[in-house]
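Asks: can't give you the sequence, but here's the structure:
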C-alpha cells in the first residue's frame, strides 16, 4: 500500500513509510500530549512534498496555528499564501454561533451537519485533510449518531482520495466509548504518564491499530522540542 509521510521520520519507520494513503487515521490523546503538533508535522511535510492540504481548525484560529507552527520551525505561511494550504475557520464559526444563540436566549448545540456539508465541498484536488479537534462534534449527541457521522466523514474523504488525520481529545473519546476507533483505518494514541524507573512524567505514543501495517506493541517515548516531535530510540536515556 502506498504511504504518505507523517512528517516525523521515526513515526514513518514505525508505519512502514507513513500513513496509508487515502485513508482516515484517528489520533487521540490527553491535553498537552502533542496532538496538534503531530497534525502540523503532517501538513508541513505534505505541502513540502507538493500536496494540497486542508486544515479544519475547530479550537484555534488560523493565526494561532501559524504562530504555533512557526515556533516549532514549521513555516506554513508561504503555503497558505500560495493557496496550497487552506485553513478553514470553523473555530470562529462555532464561537460566533454560540454567541448569537446566547444573545437570542437559545441553548447552543454543536451542529455536526455543518462539518459534513463543509467536507462535501472539499475540492477534488485536496490530498491531505487534518481535522483538529473532532471532539467538539461529540457534544450533545448520542454515541450512535456520532459513529454515523464519523463513518460518513471517513467514507466521504476516502472517496475523494484524501489522506485524513482526525484528531480527538481523550475526554471526548472516552465520552463516546472509543467508538471512533471502528470508523478509522488506523489509530494512534498519545499519553502522558510517570516513567516507573525515573519518576519523571513523559510522553508516550502507542499504535494499537493500523491496517495493512506490521506493528510493534512497544510504547514509544517522545519529546516536544524546539524542532517539534522527536521520538526516542528504544533503550535511549531516561526510557
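Replies: Yep, that arrived. As the structure is a computational prediction, the values presented were derived from the model and not from experiment.
Asks: please count neighbours and contacts with C-alpha atoms only from this point.
Replies: Fine.
Asks: mean confidence for stretch 180-195?
Replies: Averaged over stretch 180-195, pLDDT sits at 94.
Asks: same check on stretch 62-77?
Replies: Rounded mean pLDDT across stretch 62-77 is 94.
Asks: identify the bridge partners of the residue nearest the centre of the chain.
Replies: The residue lying closest to the centre of the chain (Cα atoms, centre = their mean) is residue 167, at 3.0 Å. Note on residue 167: beta-bridge partners residue 27, residue 132, judged by DSSP bridges.
Asks: surely it touches residue 28?
Replies: Yes - Residue 167 lies in contact with residue 28 (Cα atoms under 8 Å); the separation is 5.9 Å.
Asks: what touches both of these two?
Replies: The overlap between the contact sets of residue 167 and residue 28 (Cα atoms under 8 Å, 6 or more residues apart in numbering) consists of residue 35.
Asks: residue 80: which element?
Replies: Per DSSP states H and E, residue 80 falls inside helix 77-82.
Asks: just checking, what packs against that helix?
Replies: Applying 3 or more Cα pairs under 8 Å, 6 or more residues apart in numbering; DSSP states H and E, one finds that helix 77-82 contacts strand 85-88.
Asks: residues contacting residue 154?
Replies: Residue 154 neighbours (Cα under 8 Å, 6+ apart): 23-24, 183-184.
Asks: that older thread, residue contacts, the residue nearest to the centre of the chain?
Replies: 26-28, 35-36, 39, 130-135.
Asks: picking up where we left off before, what residues of the helix holding residue 80 count as buried?
Replies: Within helix 77-82, the residues that qualify as buried are 77, 79-80, counting by 16 or more other Cα atoms under 10 Å.
Asks: same check, this time on stretch 205-221
Replies: 205-207, 209-210, 213, 220-221.
Asks: same check, this time on stretch 171-185
Replies: So, applying 16+ other Cα under 10 Å, buried residues of stretch 171-185: 172-173, 176, 179-181, 183-185.
Asks: among the residues you listed, name the ones in helices.
Replies: 172-173, 180-181, 183 (DSSP state H).
Asks: which one of the residues you listed is nearest residue 51?
Replies: residue 183 (24.5 Å; Cα to Cα).
Asks: tell me, what's the model's pLDDT at the nearest residue to that closest one once chain neighbours are set aside?
Replies: In space, residue 183 comes closest to residue 151 once its chain neighbours are excluded; the distance is 5.4 Å by Cα to Cα, 6 or more residues apart in numbering. Looking at residue 151, its pLDDT reads 94.
Asks: for residue 151, pull up the helix or strand it's in.
Replies: Using DSSP H and E, residue 151 falls in helix 143-159.
Asks: list the buried ones in that helix?
Replies: Quick answer for helix 143-159 (16+ other Cα under 10 Å): 143, 146-147, 149-151, 153-158.
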